[in-house]
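Enquirer: no sequence on this one, just coordinates:
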């Protein structure tokens, strides 16, 4: 079967949707599908990712230089229409840019089935976030374009049942496909020696590590984590350090640093900036507890990565994969509230044996459930059903 993936950009700055598409497309090639990907570009940071995908058998077409918030380009409509004409199923990732609309319209005209992965962008939190102008803009776009495109899809793909349930009030017509985001299990089969990450930062010494690894953005619950860690630190005798590993998002790091100072934990907090590749796994392995008290997280692939690294996790129930954490016995999940989060953090940090057992269970669960190859194999079946039933 010939599959075309559509996304607005392959830039790593785009976060989860980009990496989800890359991992899925490459695994689908290994599963025997003929896979293409089309994206616009405004900056060149996605070019190395495109080259890597090509080296692994994915045909990649980049259209640009595009412009504006919708990432428009004068050749976009014709290029998308030509690409759609050559495939059996189109898989559209994310919602709000011009390329997704052009792909949906081309599929409708040419009667090619398409599936949409919203990547959490249809959740109540996502639709209500941003400025008043931004929120009203989403509502208008939903009314004049997006709802029709969604309702004409052959299916909508959700990464968790929780995401599907959050979207249900929109009363969209297509059937649902539920498949998680995956991991490249080869990265986690042989874990780095414990202590490798710690040796990069002299401030860590031998102190226990509470690790936050994500973008420094309002969505990620740093306004919960920092006061929670401050409460925990008042009674903690182990000298635990809070490591904030991730890039600044839209200037929010200034706010985070101000919160750290306000709560008096500057001497126990370390900012690493963005860490990539093997270093990120080293950080997960060295962490005594991984924390992510997000206000909204469509899936939370970094939680799955922490589990695969054998680290106990403590997350909010606004991270949609929290039922997996509970089912696996991989850690704790609770409301994104500083007071109970601090108490739960203290409970986990005070019991090394409990953390080790949670890490063992989480690793076993993640390595068995989140491999891209198994997920891609199931997508072969999904695409066949969409194509034959259209």
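Expert: Noted; the coordinates are in hand. All of these numbers come straight from a predicted model, not from anything done at the bench. Residues are numbered from 1 along each chain as shown.
Enquirer: which ones are touching residue 95?
Expert: If you count contacts by C-beta atoms under 8 Å, 6 or more residues apart in numbering, residue 95 has them with 116, 118, 121-122, 146. C-betas here are computed from N, CA, C, even on glycine.
Enquirer: I meant to write residue 59 there.
Expert: Residue 59 touches 35-37, counting by C-beta under 8 Å, 6+ apart.
Enquirer: repeat that with 6 Å
Expert: Counting by C-beta atoms under 6 Å, 6 or more residues apart in numbering, residue 59 makes contact with residue 36.
Enquirer: how about it: which residues does it bridge to?
Expert: Beta bridges link residue 59 to residue 36 when assigned by DSSP bridges.
Enquirer: ok, residue 7 next?
Expert: For residue 7, the beta-bridge partners are residue 39 (DSSP bridges).
Enquirer: rewinding a little: which one of the contacts of residue 95 sits closest to residue 14?
Expert: residue 121 (12.2 Å; C-beta to C-beta).
Enquirer: need phi/psi at the closest one.
Expert: Geometry field for residue 121 lists phi and psi as phi -80, psi -10, criterion degrees, to the nearest 10.
Enquirer: ok, how many other residues are close to it?
Expert: Residue 121: 17 surrounding residues under other C-beta atoms under 10 Å.
Enquirer: show me what contacts it?
Expert: residue 95.
Enquirer: what's the spacing between it and residue 297?
Expert: Distance, residue 121 to residue 297, using C-beta to C-beta, to the nearest Å: 13 Å.
Enquirer: now do residue 338
Expert: The value you get for residue 338 to residue 297, if C-beta to C-beta is used, is 17 Å.
Enquirer: okay, those two: which has more neighbours?
Expert: residue 297 (29 against 20).
Enquirer: next, give phi and psi for that one.
Expert: phi -150, psi 110.
Enquirer: try the one 4 residues further on
Expert: When quoted as degrees, to the nearest 10, the phi and psi of residue 301 stand at phi -60, psi -30.
Enquirer: helix, strand, or coil at the nearest residue to it once chain neighbours are set aside?
Expert: Leaving aside its chain neighbours, residue 301 sits nearest to residue 181 (5.0 Å; criterion: C-beta to C-beta, 6 or more residues apart in numbering). Under the three-state scheme (DSSP: H, G, I helix; E, B strand; the rest coil), residue 181 adopts coil.
Enquirer: against residue 321, how distant is residue 181?
Expert: Distance from residue 181 to residue 321, by C-beta to C-beta: 9 Å.
Enquirer: cool, residue 75 as well?
Expert: Applying C-beta to C-beta, the value for residue 75 to residue 321 is 39 Å.
Enquirer: repeat for residue 187
Expert: Separation of residue 187 from residue 321 (C-beta to C-beta): 19 Å.
Enquirer: if I read this right, residue 192 contacts residue 280, doesn't it?
Expert: No. When contacts are counted by C-beta atoms under 6 Å, residue 192 is not listed as touching residue 280 (10.4 Å).
Enquirer: who has more neighbours out of the two?
Expert: Using other C-beta under 10 Å as the criterion, residue 192 and residue 280 rank with residue 280 on top: 20 against 16.
Enquirer: quick one, grab the pLDDT at that one.
Expert: Here the pLDDT value assigned to residue 280 is 95.
Enquirer: can you tell me the closest non-neighbouring residue to it?
Expert: Leaving aside its chain neighbours, residue 280 sits nearest to residue 213 (6.8 Å; criterion: C-beta to C-beta, 6+ apart).
Enquirer: same thing with residue 167?
Expert: Excluding its sequence neighbours, the residue lying closest to residue 167 (C-beta to C-beta, 6+ apart) is residue 122, at 4.7 Å.
Enquirer: neighbour count: residue 187 and residue 321, which is higher?
Expert: Ranked by neighbour count (other C-beta under 10 Å), residue 187 and residue 321 place residue 321 first, with 24 against 15.
Enquirer: mind listing the strands for the stretch 201-350 of the chain?
Expert: 209-213, 241-245, 269-273, 289-292, 313-316, 331-334 (DSSP state E, counting those that start in this stretch).
Enquirer: and those as a markdown table, adding distance to residue 303 and mean pLDDT?
Expert: Shown next, in a markdown table, are those (distance: least, C-beta to C-beta, whole Å; pLDDT from 0 to 100):
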| stretch | distance to residue 303 | mean pLDDT |
| --- | --- | --- |
| strand 209-213 | 10 | 97 |
| strand 241-245 | 14 | 97 |
| strand 269-273 | 19 | 96 |
| strand 289-292 | 6 | 98 |
| strand 313-316 | 6 | 98 |
| strand 331-334 | 9 | 96 |
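Enquirer: now the host helix or strand of residue 135: buried residues?
Expert: Using DSSP states H and E, residue 135 falls within helix 132-141. For helix 132-141, burial by neighbour count (16 or more other C-beta atoms under 10 Å) applies to residue 138.
Enquirer: what's the next secondary structure element after it?
Expert: helix 147-151.
Enquirer: strands paired with the helix or strand that that next one is followed by, and their directions?
Expert: Downstream of helix 147-151, the first helix or strand assigned by DSSP H and E is strand 155-158. Using DSSP bridges, the strands paired with strand 155-158 are strand 114-117 (parallel), strand 175-178 (parallel).
Enquirer: mind listing residues that contact the first one?
Expert: For strand 114-117, the surrounding residues in contact (C-beta under 6 Å, 6+ apart) are 90-93, 107, 153-157.
Enquirer: what separates residue 156 from residue 228, distance-wise?
Expert: 35 Å.
Enquirer: can you check residue 122 too?
Expert: Residue 122 is 29 Å from residue 228, by C-beta to C-beta.
Enquirer: ok, the two, which is more surrounded?
Expert: A direct count of neighbours by other C-beta under 10 Å for residue 122 and residue 228 places residue 228 higher, at 28 against 23.
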